[in-house]
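J.: Sharing a sequence plus its predicted fold:
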Amino acid sequence: MQSRRWFGGAGFSFADDPVTETLSQAIRGTGEELDREPDTGVLFGSLRGSVVGLRYYTGVVNKGEMVSLVRQPQNPYDRNAVMVANVYGSQVGHIKRELAVLLANIMDNNLARVEGVVPFGVTNQFTMSVVLSFWGREENRDAVVRQITSRSFKLQSGPTGFMCADGSRDLPRKSVLLTAEELKNAFDNLFENLMEDKIGEREAVEAVCTPLLPHQKQALSWMCVSENNAALPHFWEVKGKLFYNTLTHSSVRERPQRVRGGILADDMGLGKTLTTIALILSNFHHGKPLCEPEKSSPEPKASTTARKNPEGKCVCSDISGTCSSLTNVDSALSLSLALSLSPSGKSGDGDQAEVSVAPAGHSPCMRANQAETQVVCVESVDVVQEDVVEDGDKDLVSEKKAKGRPQGGKAKATTTKKAAKTKGKAVSTSRKGKSVVSPVEAASSQSTDDPAARATLIICPLSVLSNWLDQLDQHVRADVKLNVYLYYGSERNRDTHFLSSQHMVLTTYNVLSADYSGSASPLHTVSWLRVVLDEGHIIRNPNTQQSKAVLKLNTQRRWILTGTPIQNNLRDLWMLVAFLRLKPFDVREWWNRVIQRPVTQGDKTGLQNLQALVKCVTLRRTKTSRVCGRPLVSLPERSVRIEEVELTQKEREEYELAHTEGRTTISRYVAEGTVLRNYADVLAILVRLRQFCCHPGLLGKTTTHTGVVAVTPAELRERLIMKLRLVLGTGSDEECAVCLDSVRLPVITHCAHVYCRPCIAEVIRSEQEQARCPLCRGQIKASELVEFPLEEEEESNLLENWRSSSKVEALMSSLLRLRSEDDSIRSLVVSQFTRFLTILEIPLREEGFKFVRLDGTMSQKRRAQVIQEFQSDAPGSPLIMLLSLKAGGVGINLSAASRVFLMDPAWNPAAEDQCVDRCHRLGQKRDVVITKFIVKGSVEENMVKIQRQKQDLVEKAFGTKNPSERKTSRVDEIRALMEL
DNA sequence: ACCGCCGGGTGCC
DNA sequence: ACCGCCGGGTGCC
């Protein structure tokens, strides 16, 4: 149950995808790999060619350096032109004409990827050698070889003359290969112990009222250093006047842009939000507190006041530049900003505002909302002198003055429950005569920085938005005036000056990408000081709009907060690296060549490079990490017990019937060797058996036998709908193989694969007649996509013909016993089948339990309500939460519960861990007891066995193991489940 | 480019 | 002299 494994879903949670092993993934894992990601492939061979025209271009290359080949079909001299560029994208030359014809052909037809390495570097100003290697799918090998030989080029087998990543000559692949075991260990440890060099501690400024735990101080220290320190990552070496990258063997004349920011990948519950709040308040420009006065301010008032303040104290100033220390709150002129957290009258769906923070009287949101929570606002000296305030803002300023700022803001702030006063827009544009900084600080600031940038943009999933507001409320001193604007809801203020003048702007990924797809995106116009991606792994798929939108933000510092830097695969890391602009790996080709491919092939050097790279931008601690020999956090114990459930005679008969039938079908597939081709069927059988173990009512009315060839279109349709229901109803959050996100508007193909309708429609549209299923390459047609019919009312049926089941009884007797022993103990009742939760409601109600329910179908707003209700200790609040395994997500805090009843085993043990983590986290006061109900002598028992084995599978981490090995293990798994 | 290619100058050995 | 050879001019795609 430990979170040593930071990949594959262990020990973390993820809002959209707690169940890592979805059907698509399972199918994808069978070796019918999608080659849409061209980062793997086999080496066809290599050949020596020449690069010409060097004298016309400025790009430099070293001996052994990689170069990229870029087609230039628009080149006026030769439509076959292939441009050669170095790691930084500077053009070096062109591929010689005759060779370019060949490459153009291969590249344009996507027969192979062509990669170049310069074996000798530049020896003259006219031409140089390049070794080209060809990578692609095995099925294209012949075509490529034919192309090459027919144009009388000679393809050498292997990467002759290819330079290893370590610069040594790779004479027929001499790179040290690791065993699977070594690789697994290395991978496991990749994100571990990334704190050895980062052990400094730093206190937060006083504006943060929650004392930081030691590990949080370390994180703060590390984050400040990451933002301020000018040092380059150690894979850069200064060689003469050049900067040399030891990973790519490339040099640049200009100092590379270092990353300012990084990945804070602590386990959930360790306080990433608090640490980030501390960072925002503690590390403004030049390492000063957000609200420290300018020491170099020409105004004597300001400087004298400033000097009175000890280092690290937060200092406020009013708009005219008068400063006062927060430690002397009464004299602080504070501008209070109200935050309103209210049930928005109009929010119907998840995209509506539920919470809004707005400067009172400035945002239309405020009118509709009633403030319930007070948020404070730190007025910073950086807020400009009045003379800088733009015309349009003067009114606001004077309005503010007229109304009078709350003096002695402390009292005001704590009592004001309604939106009080706003500072309106404070535009900090022109900042002449500003700041004299110390040499160290000067070194750390980059000339391109916009000194006026002051706002931090926080982007998070909607589900944790309210958490940020809560945490700000909780951790920021009430007398500190922090301008926080919630950029959310249709009435959001899109004025970029207004946004720029905030201390913090909170928004969601959805809002960001919605804005981005529009014309002038305000968030993309603002020059941010810092952008923080909360649950940053959300952007792991580079193809999504939100990922694209995030990359385009204009900011000086970038942070990613995530408990799971890699979700399934090393590939997930790339987008994070790209967001951080960790040069040159933000370009996919270099990531693939230097990191992705070598690592997935088990190359030791590649792994070392990856480790170096991760280490220089990441801090990760787990709940079990230790600081100076002591655990970071001490959580109450947690224990797991398995309760075996005996089926009744009748249930056993029903189960056996289904089991025998399923076995027959599957054993036929096994005998035919067609298990994987019929994977959807096989899974359907297994799901049915699992449902039997819980309650017969889960099966629904459609029990058409699988595996039987459908004769009529109506029957086929019926079967497909059933499969669709199975896929979507198992609690696994099905992933669409096209967009790699949760399936929206699900449709199922005739080959039984599920996609989002828009995604697969697009595939069909673009491929026309040749459209093939991305998962199995079977032919697909738009007319054959089957949609989910409107759900017939089966619920009533279920309730009317109520019967219990052994598992229901087992749960009920546990709950009743618990209530009689201690009625203050709260429980989570977890199932993958939302229908099962519905069934469980009946006996719970009968026994008079007060319960709430949280499942994936609920709106965010409703979820938040339910969680709040459950967490509340008010009398009469619910004792039980019915929780679907896929519901909720990161940041969900269910610490009120100390009992977890896992009703049915999950495919992926990590999903269970994750669920348990929702209550076994900071704030948990009691020991946590987890009960797993397992039906004796059923597939469930076998699943538990397989879970154990699974925890050790390497392929989970890489997803790129030898396909045949994977196939066999998958089939073996099914055989084990069915005891074949 | 310490090359290849082109085209003008040239022409026994 | 409708060739060969020489040597200067020249040069990515």
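T.: Structure received.

J.: Pull out the buried residues from stretch A:571-578.
T.: Residues of stretch A:571-578 classed as buried: A:571-578 (neighbour count, 16 or more other C-beta atoms under 10 Å). Where C-beta positions appear, they are placed from N, C-alpha and C, glycine not excepted.

J.: what's the answer for stretch A:919-927, then?
T.: A:919-921, A:924, A:926.

J.: For that stretch, what does the pLDDT average out to?
T.: Averaging pLDDT along stretch A:919-927 yields 87.

J.: Would you check which pair of the buried residues of stretch A:919-927 lies furthest apart?
T.: A:R921 and A:R926 (12.4 Å; C-beta to C-beta).

J.: what about A:D78, how many neighbours?
T.: Residues contacting A:D78 under the criterion other C-beta atoms under 10 Å number 14.

J.: coming back round to it: would you turn the buried residues of stretch A:919-927 into a markdown table with secondary structure?
T.: A markdown table is the format used below for the buried residues of stretch A:919-927 (DSSP: H, G, I helix; E, B strand; the rest coil):
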| residue | secondary structure |
| --- | --- |
| A:C919 | coil |
| A:H920 | coil |
| A:R921 | coil |
| A:Q924 | coil |
| A:R926 | coil |
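
J.: closest to DNA strand B among those?
T.: Closest approach to DNA strand B among those (C-beta to the nearest atom of the strand): A:R921, at 66.9 Å.

J.: Hmm, A:L607 is touching A:T600, no?
T.: No - checked against C-beta atoms under 8 Å, the pair A:L607 and A:T600 is beyond contact range at 9.9 Å.

J.: Sketch out the low-pLDDT regions of the stretch 451-600 of chain A for me.
T.: A:566-569 (pLDDT under 70).

J.: rewinding a little: make a markdown table out of the buried residues of stretch A:919-927 and add distance to A:N543.
T.: Below are the buried residues of stretch A:919-927 laid out as a markdown table (distance: C-beta to C-beta, whole Å):
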| residue | distance to A:N543 |
| --- | --- |
| A:C919 | 35 |
| A:H920 | 35 |
| A:R921 | 33 |
| A:Q924 | 38 |
| A:R926 | 44 |
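
J.: Rounded mean pLDDT for the host helix or strand of A:E227, please.
T.: Assessed by DSSP states H and E, A:E227 sits inside helix A:214-228. Average pLDDT, helix A:214-228: 92.

J.: Mind checking what helix or strand follows that helix in sequence?
T.: Counting by DSSP H and E, what follows helix A:214-228 is strand A:236-239.

J.: So for the very next helix or strand once past that next one, what gets flagged as buried?
T.: As assigned by DSSP H and E, the chain's next helix or strand after strand A:236-239 is strand A:242-245. By neighbour count on 16+ other C-beta under 10 Å, the buried set for strand A:242-245 is A:243-245.

J.: Among those residues, which ones lie close to DNA strand C?
T.: With C-beta under 7 Å from any atom of the strand as the criterion, the buried residues of strand A:242-245 include none near DNA strand C.

J.: Can you pull the residues of chain A lying near DNA strand C?
T.: So chain A meets DNA strand C at A:52-53, A:56, A:75, A:77-78, A:80-81, A:93-97, A:100 (C-beta under 7 Å from any atom of the strand).

J.: what do you get if the cut-off is 10 Å, keeping everything else the same?
T.: A:50-57, A:72, A:75-84, A:91-101, A:103-104, A:126-127 (C-beta under 10 Å from any atom of the strand).

J.: quick one: which of these sit in helices?
T.: By the criterion of DSSP state H, membership of those in helices covers A:97-101, A:103-104.

J.: which SS class is A:L828?
T.: Under three-state DSSP, A:L828 comes out as strand.

J.: wait, doesn't it sit right on A:L879?
T.: No - if you go by C-beta under 8 Å, A:L828 and A:L879 don't touch, sitting 10.7 Å apart.

J.: For A:E912, give me its contacts.
T.: A:830, A:885, A:902, A:905-906, A:932 (C-beta atoms under 8 Å, 6 or more residues apart in numbering).

J.: and A:R765, what is it in contact with?
T.: Per C-beta under 8 Å, 6+ apart, neighbours of A:R765: A:A782.

J.: How is it assigned, secondary-structure-wise?
T.: helix.

J.: number of nearby residues for A:A782?
T.: Counted by other C-beta under 10 Å, the residues lying close to A:A782 total 13.
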